[in-house]
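**Q** Got a sequence here, can you model it:
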Amino acid sequence: MKPPSLTTIALALAILAPVSQLHAETAAPALINGYQPTWWKEAVVYQVYPRSFKDSNGDGIGDIPGITSKLDYLQKLGVNVIWLSPHYDSPNADNGYDIRDYRKVMSEFGTMADFDKMLAGIKQRHMRLIIDLVVNHTSDEHHWFVESRKSKDNPYRDYYFWRDGKPGPASPDGKPTRLPPNNDPSFFSGSAWQFDPTTSQYYLHYFAVKQPDLNWDNPKVREEVYSLMRFWLDKGVDGFRMDVIPLISKDPTFPELTPEQLRRVDKIYANGPHMHEYLQEMNRNVMAKYDVMTVGEALGISLEQTPLIVGDNRHELNMIFNFDAIRSNRVGYDFKPADLPTLKAIYTRHAEVLDTHSWDTVFLSNHDNPRIVSTFGDDSPEFRVPSAKLLETMILTLRGTPFLYQGDELGMTNYPFKSITDFDDIEVKNAYKANVVTGKIPEDVFIANLRHTSRDNSRTPMQWDSSTNGGFTTAAKPWLAANPNYTQINAAAEVTDPNSIYNYTAKLIALRHAHQAFVYGDYKDLDPENKSIFIYTRTLGTERFLVVLNFSKDPITYALPGGRSVGSLVLSTLTTPEQNTATLHLAGWEARIYKLQ
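**A** Numbers count the residues shown, from 1 in each chain. Here you go, the predicted structure:
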């Protein structure tokens, strides 16, 4: 046998070296178009909502072994980072976003051994894993809060926010009453303060009553968080998606909110007095010591404020989710039809505000929003497939790290909700009590709006095949009903169909991986006011691409602006002979990618 070469030995040593050591010793690569290249900028991320992905044991609930069984499916798609929604021990008041034990796997999902096996399977397939970090709040069943509520002098008391109530009007029998400390509302309806009779004080919860907010002003809380982050990173996890992270710092005086502030409490709750200080401390104490990807759910953060969190010189997070695009079809909680010029203006504004030192994300779907094809496309039988392909084309060719949500690659659609009993979401149930039961909104109007906006639309079980419940589970009844259209829309049918959304998405991902113009290239919208056509360029040196998207069901004859001509066709949703021309004849919801002449 021939002895191994020095190159082979060096490669083997590099594979065995700790990630943090490699990170520390490797010289920074040369800039690309002004950007510092990193793996997380070049990644394509796929979000897995474990409760709905794949049930392996027939209890009607998705689990970690189920995810492991489908890793080949994800590898074939081409994604290289999996984002796993909360998998921790939880009483499930908010589907896992109320954590009881950060170092334990939810029993419904499996065991730590199951998690370790899944992580090993991901690494073996040359993919990475990021997990949810939910540290604005815990479950009220977390041992910190169990202790905190016992007495005012408990060592854990200051892990949370406890305040006396305000004097209220006398009760009918003349006894004094107490009101919440201030008028902060919960995102899940009602007051953000809950009275606890054990100590006759209120605790703060920006979300559900069972989700008390942590007091980050307490340095012990911050170190607890950093410790649990190290626990998972030392296991081999590659980073975190940080839930509502801008809310971690509060004004401890809790002043009354004005009527104007109450209209946009997310902006008031974000940007607390020490938010940046705490994120920088987190970075120093944890993230800087590992080669990680961090993305924050930036509730209440404007585009203009984004560089303060993600700027290279800020040493906070790598990137955040800005919700301008995904919420561009909302007026408050109400749905309105998508408007293409508005959407295009958002992407242009991002390109203007975020320079080479502030990385962006691009997404139009996740576990908190309805299905992408039902929201920004056309989920009718005629146009579901072409519009789903068009949307994937856009997501995977725009600026920023793209995030896909499970089922996007199949064109899964919104669920046909009929009554409040069809829903599982605590946000919906609380809003129903606050608005329908009180007579503020008619029930039919409330349900009709939710068909477009409810996050339960995205949480229905993954549709694997045409068997009962879409092959998600062998249980008679899954935790949330499967969409009845699983017999027509499912992974088994799409994987074997060369013209499917799944296989088209795989081609798009491969194209993005092959051409850095789609990652680090410049972006320019060529026709911003056009209400049907989205046409833009991605250019990097000699690599020059043109993306043309017809956001309409109508065929359109389109003359390229500025006397331009397309070059050779790279990829399209339909078979088209049109190349090297200045005029295009586009079918409804057709997408094309060209090389520019």
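
**Q** rest of the way, CA atoms for contacts and neighbours
**A** Will do.

**Q** Give me the most central residue, this protein.
**A** N366 (4.7 Å; Cα atoms, centre = their mean).

**Q** Helix, strand, or coil at that residue?
**A** The three-state label given to N366 by DSSP: H, G, I helix; E, B strand; the rest coil is coil.

**Q** Also the one 4 residues further on?
**A** Of the three states, P370 takes coil according to three-state DSSP.

**Q** same thing with D98?
**A** Look at D98: counting by three-state DSSP, its state is coil.

**Q** Let me see the contact set for the closest residue to it other than its chain neighbours.
**A** In this structure, D98 finds its nearest non-sequential neighbour in S139, 4.4 Å apart by Cα to Cα, 6 or more residues apart in numbering. Each residue near S139 by Cα atoms under 8 Å, 6 or more residues apart in numbering is listed here: 90-91, 98-100, 145, 210-212.

**Q** repeat that for 6 Å
**A** Counting by Cα atoms under 6 Å, 6 or more residues apart in numbering, S139 touches 98-100, 210-211.

**Q** Could you do Y405 as well?
**A** Y405 sits in contact with 46-47, 365-366, where contact means Cα under 6 Å, 6+ apart.

**Q** Just the pLDDT for it.
**A** The model reports Y405 with a pLDDT of 98.

**Q** do the one 3 residues further on as well
**A** The model reports D408 with a pLDDT of 98.

**Q** count of residues packed around it?
**A** 24 (other Cα atoms under 10 Å).

**Q** what about whichever strand or helix holds Q261, average pLDDT?
**A** Secondary structure from DSSP states H and E places Q261 in helix 259-263. Mean per-residue pLDDT for helix 259-263: 94.

**Q** one step back: partners of the nearest residue to the residue nearest to the centre of the chain once chain neighbours are set aside in the sheet?
**A** Spatially, and ignoring its direct neighbours in sequence, N366 is nearest to Y405 (5.3 Å; Cα to Cα, 6+ apart). For Y405, the beta-bridge partners are Q47 (DSSP bridges).

**Q** Now do Y405 against I82, distance only.
**A** 10 Å (Cα to Cα, to the nearest Å).

**Q** intersection of neighbour lists for the two?
**A** Common neighbours of Y405 and I82 (Cα under 6 Å, 6+ apart) are 46-47.

**Q** What ranges does the stretch 1-150 of the chain have for its helices?
**A** Along the stretch 1-150 of the chain, counting by DSSP state H, counting those that start in this stretch, helices occupy 6-16, 19-25, 50-53, 64-69, 71-77, 112-124, 143-148.

**Q** Equivalent analysis for the stretch 301-450 of the chain, please.
**A** 307-310, 340-353, 372-375, 384-395, 426-435, 443-453.

**Q** residues near the nearest residue to V146 once chain neighbours are set aside, how many?
**A** Leaving aside its sequence neighbours, V146 sits nearest to D140 (Cα to Cα, 6+ apart; 6.7 Å). For D140, the tally of surrounding residues (other Cα under 10 Å) stands at 25.

**Q** same thing with V45?
**A** By other Cα under 10 Å, the residues close to V45 number 23.

**Q** W144 and Y156, how far apart?
**A** 6 Å.

**Q** do the same with V295
**A** Counting by Cα to Cα, the gap from V295 to Y156 is 29 Å.

**Q** Tell me which of the two has more neighbours.
**A** When V295 and Y156 are compared for neighbours, V295 comes out ahead with 23 against 19, by other Cα under 10 Å.

**Q** List the contacts of the more buried one.
**A** V295 touches 241, 319-320, counting by Cα under 6 Å, 6+ apart.

**Q** Please repeat the previous calculation with a cut-off of 10 Å.
**A** V295 sits next to 40, 130, 132-133, 239-243, 245, 310, 317-321, 360-361 when contact means Cα atoms under 10 Å, 6 or more residues apart in numbering.

**Q** Check P461 too.
**A** 49-55, 60-62, 406-407, 469-473, 478-483, 486.

**Q** Double-check that it belongs to a strand.
**A** No. The assignment for P461, made by three-state DSSP, is coil rather than a strand.

**Q** longest helix anywhere in the chain?
**A** Identified as the longest helix of the chain according to DSSP state H is helix 219-235.

**Q** tell me what that one is packed against?
**A** strand 101-105, strand 128-133, strand 239-242, helix 275-285 (3 or more Cα pairs under 10 Å, 6 or more residues apart in numbering; DSSP states H and E).

**Q** Make JSON lines out of the ones you listed and add mean pLDDT.
**A** Below are the helices and strands packed on helix 219-235 laid out as JSON lines (pLDDT from 0 to 100):
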{"stretch": "strand 101-105", "mean pLDDT": "98"}
{"stretch": "strand 128-133", "mean pLDDT": "98"}
{"stretch": "strand 239-242", "mean pLDDT": "98"}
{"stretch": "helix 275-285", "mean pLDDT": "98"}
